[in-house]
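>>> here is a sequence with its predicted model. Questions after.
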Amino acid sequence: MRTPWTIAVLGAGAWGTALGATMLTGGHRAKLWARDEALAQAINADHINERYLPGLKLDQQLAATSSMENALKNADCILAVTPAQTLRAVLADAGPHVPKGVPVVLCAKGIERETGRLMSEIASEMLPENPVAALSGPSFASDLARGLPTAVTVAAKNAGLAMTLAEQLSAPRLRCYSTDDLTGVEIGGALKNVLAIAAGATHGAGLGASASAALITRGFVELRRIGEAFGARPDTLMGLSGLGDLILTCGSEQSRNFAYGAALGRGESLEGRPLAEGAHTAGIAARIVRERGLEAPIIESVTELLKGRLTVLAAMEALLSRPLKSET
Ligand SMILES: NC(=O)C1=CN([C@@H]2O[C@H](COP(=O)(O)OP(=O)(O)OC[C@H]3O[C@@H](n4cnc5c(N)ncnc54)[C@H](OP(=O)(O)O)[C@@H]3O)[C@@H](O)[C@H]2O)C=CC1
Ligand SMILES: O=C(CO)COP(=O)(O)O
């Protein structure tokens, strides 16, 4: 029998809300922090997050607040669930109220644009007295919020902590595996978003199912190359947080990254679209590739597409006309 925890969830978007609701099903208490007071009040009054999970009734026990102090009071564990590029600022606000020693579980998928830092590097910098972990894997917020099942990976450099967190954060419809390969889990989650934009663009431009399968497979080779250059283990990259999430996100417009790419492929406007983390990570991923002398033409093409320097058809032609080589 595990001890019920008080879990602070920083971020009341789709994923924070879904994770908060899932934690309740695991017997924990959960408090959502929303930066927008009106959203917090609406969640408390209506038990719906109409902005991010429209129409889905939430457990009445899922409380929200716009006070960081209130959200973090007596927390046994913190889930950080705002977009990757906001993590540093959110942890700076949270810092004075974060109980020392409490694990911080990073749920955003991305790489900091300006610095190339992983989420765990930012968290260790901002909260040096708190152990850091990551939760990642194939998990659409709306699926979890509707009670559909999935499995994810919880990673921490300390294997014992990863195991404790996996045990505590698992819920009837959320199976958490554990690993000490924190870097592998973070790299997989960040890069699959960039590749999902490429897959979406392929789909949107009508290049066909064969092209999609070829692109996703070669995209995974790039993810593996970059991951291994960071010291990630191949089995992590082949796991839920790498290949698993790549399969999910490259498969349908339920993925915001895929939908963003599809809009790009169809030549539609990208203004005002929902969060697509890959669009923020692509540029820094391409820079890392260049600086480390790695080969990742698909990821580099996404950056060029996003900058408007390449069309999907030109990217496809450039990828196909590269010098022939052995597959591995
Ligand atoms: N949605 C999903 O299915 C999954 C998402 N993730 C990851 O989780 C992370 C969050 O995604 P998700 O919840 O879907 O995103 P959403 O766009 O649904 O929500 C983002 C949340 O972050 C808040 N926010 C935005 N900017 C800031 C800021 N500068 N400071 C503080 N809060 C801010 C928003 O508040 P406001 O409303 O006030 O703008 C909102 O509550 C991403 O990295 C994503 O890749 C991971 C797995 C699944
Ligand atoms: O990470 C996700 C599922 O695991 C969500 O993907 P999108 O952000 O592309 O919707």
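Sure thing, it's come through. Ligands and ions are numbered 1, 2, ... in the order given.
>>> over to the nearest residue in space to D143 that is not next to it in sequence: give its phi and psi.
With sequence-adjacent residues excluded and distances taken as CB to CB, 6 or more residues apart in numbering, D143 is closest to T150, at 6.5 Å. C-betas here are computed from N, CA, C, even on glycine. For T150, the backbone dihedrals (degrees, to the nearest 10) come out as phi -160, psi 180.
>>> mind listing what T150 touches?
G137, P138, S139, D143, L144, R173, L174, R175 (CB atoms under 8 Å, 6 or more residues apart in numbering).
>>> one more time with 7 Å, if that's ok
T150 makes contacts with G137, P138, S139, D143, L144, L174, as judged by CB atoms under 7 Å, 6 or more residues apart in numbering.
>>> filter these down to the ones near ligand 1?
S139 (CB under 6 Å from any ligand atom).
>>> nearest to N74 among the contacts of T150?
Among the contacts of T150, L174 lies closest to N74 (CB to CB), at 23.1 Å.
>>> count of neighbours near that closest one?
Around L174 there are 21 other residues, counting by other CB atoms under 10 Å.
>>> relative to A151, how far out is it?
Per CB to CB, to the nearest Å, L174 is found 8 Å from A151.
>>> so of the contacts of T150, which ones are in strands?
The strands, defined by DSSP state E, take in L174 from these.
>>> can you redo the contacts of T150 as CSV with distance to ligand 2?
Output for the contacts of T150, formatted as CSV (distance: CB to the nearest ligand atom, whole Å):
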residue, distance to ligand 2
G137, 7
P138, 5
S139, 5
D143, 9
L144, 10
L174, 12
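>>> ok, so of the contacts of T150, who is nearest ligand 1?
When the contacts of T150 are compared for distance to ligand 1 (CB to the nearest ligand atom), S139 wins out at 5.0 Å.
>>> near ligand 1, which residues of the protein show up?
By the rule CB under 6 Å from any ligand atom, the part of the chain lying against ligand 1 is 11-16, 34-36, 39, 52, 81-84, 86, 89-90, 107-110, 139-141, 275, 277.
>>> among the residues you listed, name the buried ones.
If you count burial by 16 or more other CB atoms under 10 Å, the buried members of the residues of the chain next to ligand 1 come out as 11-16, 34, 39, 52, 81-84, 90, 107-110, 139-141, 275, 277.
>>> still on that earlier bit, for the residue nearest to D143, which residues make a bridge with it?
Using DSSP bridges, the beta-bridge partners of T150 come out as L174.
>>> neighbours around G293, how many?
G293: 7 surrounding residues under other CB under 10 Å.
>>> same deal with A45?
9.
>>> and G231, by the same measure?
By other CB under 10 Å, the residues close to G231 number 10.
>>> next: N70.
Under the neighbour criterion other CB under 10 Å, N70 is assigned a count of 15.
>>> give me the element it is part of.
Using DSSP states H and E, N70 maps to helix 68-72.
>>> look up how far S139 lies from the residue nearest to D143.
On the measure of CB to CB, T150 and S139 end up 5 Å apart.
>>> so the closest residue to ligand 1 within the stretch 1-150 of the chain versus ligand 2, what's the distance?
The nearest approach of the stretch 1-150 of the chain to ligand 1 comes at G13, 1.7 Å away (CB to the nearest ligand atom). Distance, G13 to ligand 2, using CB to the nearest ligand atom, to the nearest Å: 10 Å.
>>> what bridges to V105?
L79, A133.
>>> that one and L165 touch, don't they?
Yes: taking contacts as CB atoms under 7 Å, V105 lies within contact range of L165: 6.4 Å.
>>> intersection of neighbour lists for those two?
Counting by CB under 7 Å, 6+ apart, the residues touching both V105 and L165 are A133.
>>> for the protein, which spans come out with low pLDDT?
Where the chain drops to pLDDT under 70, the residues are 1.
>>> residues of it that sit close to ligand 2?
Applying CB under 6 Å from any ligand atom, one finds that the chain approaches ligand 2 through 109, 138-140, 193, 196, 245, 248-249, 255-257, 277.
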